[in-house]
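> what would the 3D arrangement of this be:
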Amino acid sequence: MYILGIESSCDDTSAAVLNDNILLSNVTASQDVHREYGGVVPELASRAHQQNIVPVVDAALKRAGITKEQLSAVAFTRGPGLMGSLLVGVSFTKGFARSLGIPMIDVNHLQGHVMAHFIKEKPEDTTPPFPFICLLVSGGNSQIVKVNAYNDMEVLGQTIDDAAGEAIDKCSKVMGLGYPGGPIIDRLARQGNPQAYKFSEPHIPGLDYSFSGLKTSFLYSLRKWIQDDPDFIEHHKNDLAASLEFTIVDILMKKLRLAVKQTGIKHVAVAGGVSANNGLRNAFRDHAKRYGWTIYIPKFSYTTDNAAMIGITGYYKFLDKNFCSIDKPAFSKVTFK
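As a prediction, the model looks like this:
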């Protein structure tokens, strides 16, 4: 059984082909057009998706060594995401599936990130057992999720304002380092002292997160230091990046430890774009040693938006014959359904 996955929720156009739960191809076209604006411009993203989607799907099928007629179903991201971007993937899927007479499977983008842990490249690859705890951190979301089954995910805590990835990107922009900030901060932080500067950490009850106060604290501290030394950022950018990363990872891990303690579940995964961050990955390895957790860290190529995670979710939904009717619209805002 071959399944085509399509992902177009933000600024990456991606298509993947799976044979059951084994990945055959995963092709992603990234968009450089946003770099000069310092963030994703929805209108430009939508136009780039329109240019990319046909060549990307074609390349994914060719790399998998199959024809479109061999496909059993098409899985696609229905939301959440940027509406203009989602519409391209949703509209393409509707036409493509209709022309081939095969079912469509709608996938929640956040559920896809969590399910990235079930992508197999070889049959013997291991996957987390249910239930497990997943820290889902990206540019748009920061959540702690209890995963009971592929279609049963319970949000234990989430950000009440900004996401961790957005805080990293904004702080990088304030420092004048460019976009996207994640990889830049990660690179600089490897050479800096994480204890050099202290930024405010929020005190939010329960398992919820908040990152807006950290952004404000970072901005005001930076303003003050620049008044004393106009070249402050250039002289201290490694330490600033390391201290920022340390603070964000510390905030994330404190609540994750609490979630593990409350649920008693010691199988812990990380997913989403920020899971590519080396500081967070190292913290996971450290916690595995210190607290006896069994950890699951995705390959770098499955951390950012990709169609393989959409395809694998589609595979599990296909087994349950959980298909999507052609009249279903895209949706831009929601967490898990």
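
> pull the longest helix from this structure.
Criterion DSSP state H: the longest helix present in the chain is helix 232-263.

> got the angle between the helix or strand following that one and helix 232-263?
Counting by DSSP states H and E, the next helix or strand C-terminal to helix 232-263 is strand 267-271. With axes from the mean of the first three to the mean of the last three CA atoms, to 10 degrees defining the directions, strand 267-271 sits at 140 degrees from helix 232-263.

> pairing partners for strand 267-271, with directions?
Sheet partners assigned to strand 267-271 using DSSP bridges are listed as strand 132-137 (parallel), strand 294-296 (parallel).

> now do the buried residues in the helix or strand following the last one.
The reference is to strand 294-296. Next helix or strand after strand 294-296 toward the C-terminus (DSSP H and E): helix 307-319. Buried positions in helix 307-319, judged by neighbour count with 16 or more other CB atoms under 10 Å: A307, A308, M309, I310, G311, I312, T313, G314, Y315, Y316, K317, F318. C-beta here means a position set from N, CA and C on the backbone, and glycine is covered the same way.

> now tabulate the strands paired with strand 267-271 in CSV and tack on mean neighbour count.
Shown next, in CSV, are the strands paired with strand 267-271 (neighbours: other CB atoms under 10 Å):
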stretch, mean neighbour count
strand 132-137, 26
strand 294-296, 17
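
> possible to save those strands as CSV with mean pLDDT?
Shown next, in CSV, are these (pLDDT from 0 to 100):
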stretch, mean pLDDT
strand 132-137, 98
strand 294-296, 97
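
> just list the residues touching F130, thanks.
F130 makes contacts with V147, N148, A149, as judged by CB atoms under 8 Å, 6 or more residues apart in numbering.

> isn't there a helix covering it?
No: secondary structure of F130 (DSSP: H, G, I helix; E, B strand; the rest coil): coil, not part of a helix.

> show the pLDDT at it.
Looking at F130, its pLDDT stands at 97.

> gap between it and A288?
Distance check for F130 against A288: by CB to CB, to the nearest Å, it reads 19 Å.

> ok, which stretches of the stretch 1-150 of the chain are strands?
2-7, 12-19, 22-30, 71-79, 104-108, 132-137, 142-149 (DSSP state E, counting those that start in this stretch).

> nearest to P180, of the ones you listed?
Minimum separation from P180 across these (CB to CB) falls at strand 22-30, 10.0 Å.

> quick one: mean pLDDT over that closest one.
96.

> buried stuff in that strand?
Quick answer for strand 22-30 (16+ other CB under 10 Å): L23, L24, S25, N26, V27, T28, A29.

> next one: stretch 29-49
A29, Q31, H34, G38, V40, V41, A45, S46, R47, A48, H49.

> out of the residues you listed, the closest to R281 would be?
Distance to R281 across those (CB to CB) is lowest for V40, with 24.6 Å.

> need the contact list for that closest one.
C10, D11, H34, L82.

> ok, D327 next?
By CB under 8 Å, 6+ apart, the contact list for D327 is empty.

> which regions of the stretch 201-337 of the chain sit below the pLDDT cut-off?
334-337 (pLDDT under 70).

> surely T28 meets M309?
No: with contact defined as CB atoms under 8 Å, T28 does not reach M309; the gap is 11.4 Å.

> for those two, list the residues in contact with both.
Counting by CB under 8 Å, 6+ apart, nothing touches both T28 and M309.

> residues near K333, how many?
8 (other CB atoms under 10 Å).

> need the phi and psi values for the residue positioned nearest the centre of the chain.
With distances taken as CA atoms, centre = their mean, the chain has G272 as the residue nearest its mean C-alpha position (2.5 Å). The phi/psi pair for G272 (degrees, to the nearest 10) reads phi 90, psi 170.

> partners of D12 in the sheet?
S30.

> next up, the contacts around it.
T28, A29, S30, Q31, T304, D305, N306.

> quick one: it from Y2, how far?
Distance from D12 to Y2, by CB to CB: 22 Å.

> likewise L256?
In terms of CB to CB, L256 sits 37 Å off from Y2.

> please apply the same query to Q227.
With CB to CB as the criterion, Q227 and Y2 are 61 Å apart.

> the two: who's more crowded?
Y2 (21 against 9).

> please name the bridge partners of the more buried one.
Note on Y2: beta-bridge partners by DSSP bridges are N19, L71.

> tell me the pLDDT at it?
98.

> go through the buried residues of helix 307-319 and say which is closest to L252.
Nearest to L252 among the buried residues of helix 307-319 is M309, at 20.5 Å by CB to CB.
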